[in-house]
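J.: with the input below, show me the fold.
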Amino acid sequence: MYDIIIIGAGVAGLTSALYALRARKKILILEAKAYGGQIINAHKVENYPGIESISGFDLATNLYKQVEKLGPDIKYETVLKVREDKTVVTNKGEYNAKAVIIATGTTNKKLGIKNEDKYMGKGLSYCAICDGAFYKDKIVAVVGGGSTALEDTLYLADTASKVYLIHRRDEFRAEASYLKELKLKNNVEIVLNATIKELNGSDKLESITITVNEDNTQTINVDGVFIAIGQVPNNAVFANVVDFTEHGYIKAIDEVHTKTSGIYVAGDIKEKQLRQLTTAVSDGSIAAVTAIKELK
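T.: Residues are numbered from 1 along each chain as shown. All right, here's what the predicted structure looks like:
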């Protein structure tokens, strides 16, 4: 019997673990893939208080090592179900706890067009930091209009010979500082009011067909395309113990409670106004402290 099972080893989940372990609670962390969550793909993090600049990988690794030293159980298993009695069922077994913190975050949203899966890893990527080095001196495109898309474009501009930034609207919702920096890059071309209609090639991606202003169709030769159009909450196995918003995020009561007693939510999967590192840390600490108090 664990005191707390934490589902997800991103920033929110690891922060929860840190607080719970320092309170001498018996903790199990369940993670389906790898620690760190979305931030591990960030080239630079420069908006975290007290740290002027750090890579997302280094930040996540530092946090993971900090937690690991305190001795939690960590298992890389896929959660299949969470019961109301706080039993967590995975692809390898069942675990019991007095409390559960859900911190599974989000995954990258797909374009939803033909051949998207076919070219995955063959010219199509959702992680510029992971795969950008493969496109040194090549032509690439980034799709999206948020801060992540602009950050990816800036990163790729230092590696690729040419970067197209394709956005479906006529203005960006990203931080103004990113756009200002982007306009100084000579090898970046911004294409607004544009959507990708087709991915073309044989064994690997060779070009994209885009529509600009709804009626102008163009084909652009590219070696790679990076998709940065948002995230989808990882919520599939929690429907019996939580309520969702219309967009699939978990509804939070009093910041971290769910509709089921003893089951809490933290991080990007939670309904909230802002999804940032700072809010993930806040959620994680509040969820752990709340769970600890209510266990007593």
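J.: run through the residues that contact the residue most central in space within the chain.
T.: Closest residue to the average C-alpha location of the chain: residue 38 at 3.2 Å, with C-alpha atoms, centre = their mean. By C-beta atoms under 8 Å, 6 or more residues apart in numbering, the residues touching residue 38 are 10, 105-106, 231, 268. Any C-beta I mention is one placed from the backbone N, CA and C, and that applies to glycine too.
J.: highest neighbour count among the residues you listed?
T.: Counting neighbours by other C-beta atoms under 10 Å, residue 10 leads these with 27 neighbours.
J.: hmm, that residue is touching residue 37, no?
T.: Yes. Using C-beta atoms under 8 Å, residue 10 is in contact with residue 37, at 2.4 Å.
J.: can you list residues touching both of these two?
T.: Applying C-beta under 8 Å, 6+ apart, one finds that residue 10 and residue 37 are jointly contacted by 60, 105, 267-268, 280.
J.: hey, C-alpha coordinates of the lowest-mean-pLDDT helix or strand in the chain in CSV?
T.: The weakest-scoring helix or strand in the chain, judged by mean pLDDT, DSSP states H and E, is helix 128-131 (a mean of 82). The C-alpha coordinates for helix 128-131 follow below in CSV (Å, rounded to 0.1, in the frame of the first residue of the first chain):
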residue,chain,number,x,y,z
ALA,A,128,12.4,20.3,-33.4
ILE,A,129,14.9,19.9,-30.6
CYS,A,130,14.9,16.2,-30.9
ASP,A,131,15.3,16.0,-34.7
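J.: which strands or helices does it pack on?
T.: Here helix 128-131 touches helix 147-157, strand 224-227, going by 3 or more C-beta pairs under 8 Å, 6 or more residues apart in numbering; DSSP states H and E.
J.: just how off-centre is the helix or strand just after the longest one within its chain?
T.: The one in question is helix 147-157. On the C-terminal side of helix 147-157, the closest following helix or strand by DSSP states H and E is strand 162-166. Strand 162-166 sits 22 Å away from the centroid of its parent chain (C-alpha atoms, centre = their mean, to the nearest Å).
J.: give the buried residues for strand 162-166.
T.: By neighbour count on 16 or more other C-beta atoms under 10 Å, the buried set for strand 162-166 is 162-166.
J.: I'd like to know which elements it is packed against.
T.: Strand 162-166 packs on strand 139-143, helix 147-157, strand 188-191, strand 194-201, going by 3+ C-beta pairs under 8 Å, 6+ apart.
J.: what are the pairing partners of the first one, and which direction each?
T.: Counting by DSSP bridges, the strands paired with strand 139-143 are strand 162-166 (parallel), strand 224-227 (parallel).
J.: can you show me the helices along the chain?
T.: Along the chain, the segments classed as helices by DSSP state H run 11-22, 56-68, 128-131, 147-157, 176-182, 277-295.
J.: closest to residue 47 out of those?
T.: helix 277-295 (7.5 Å; C-beta to C-beta).
J.: what's the angle from that closest one to helix 56-68?
T.: For helix 277-295 against helix 56-68, the angle by axes from the mean of the first three to the mean of the last three C-alpha atoms, to 10 degrees is 20 degrees.
J.: list the buried ones in helix 277-295?
T.: Buried residues in helix 277-295, counting neighbours by 16+ other C-beta under 10 Å, are found at 277, 279-288, 290-292.
J.: do the same with stretch 85-102
T.: 86, 88-90, 95, 97-102.
J.: that stretch: how far from the chain's middle?
T.: With C-alpha atoms, centre = their mean, you get 23 Å for stretch 85-102.
J.: quick one: average pLDDT of it?
T.: The average pLDDT within stretch 85-102 is 98.
J.: please apply the same query to stretch 171-189.
T.: For stretch 171-189, the mean per-residue pLDDT is 91.
J.: again with stretch 254-270
T.: Across stretch 254-270, pLDDT averages out at 96.
J.: span of it from start to end?
T.: 12 Å (C-alpha to C-alpha, to the nearest Å).
J.: next one: stretch 104-112
T.: Using C-alpha to C-alpha, the end-to-end distance of stretch 104-112 comes out at 23 Å.
J.: who touches it?
T.: Looking at what lies outside stretch 104-112 - C-beta under 8 Å, 6+ apart - the contacts are 7-8, 10, 12-13, 37-38, 79, 116, 126-127, 143, 196, 227-235, 267-269.
J.: surely residue 148 is in contact with residue 231?
T.: No. Taking contacts as C-beta under 8 Å, residue 148 lies outside contact range of residue 231: 9.0 Å.
J.: what about residue 210, distance to residue 259?
T.: Using C-beta to C-beta, to the nearest Å, we find residue 210 at a distance of 44 Å from residue 259.
J.: check residue 241 too.
T.: 7 Å.
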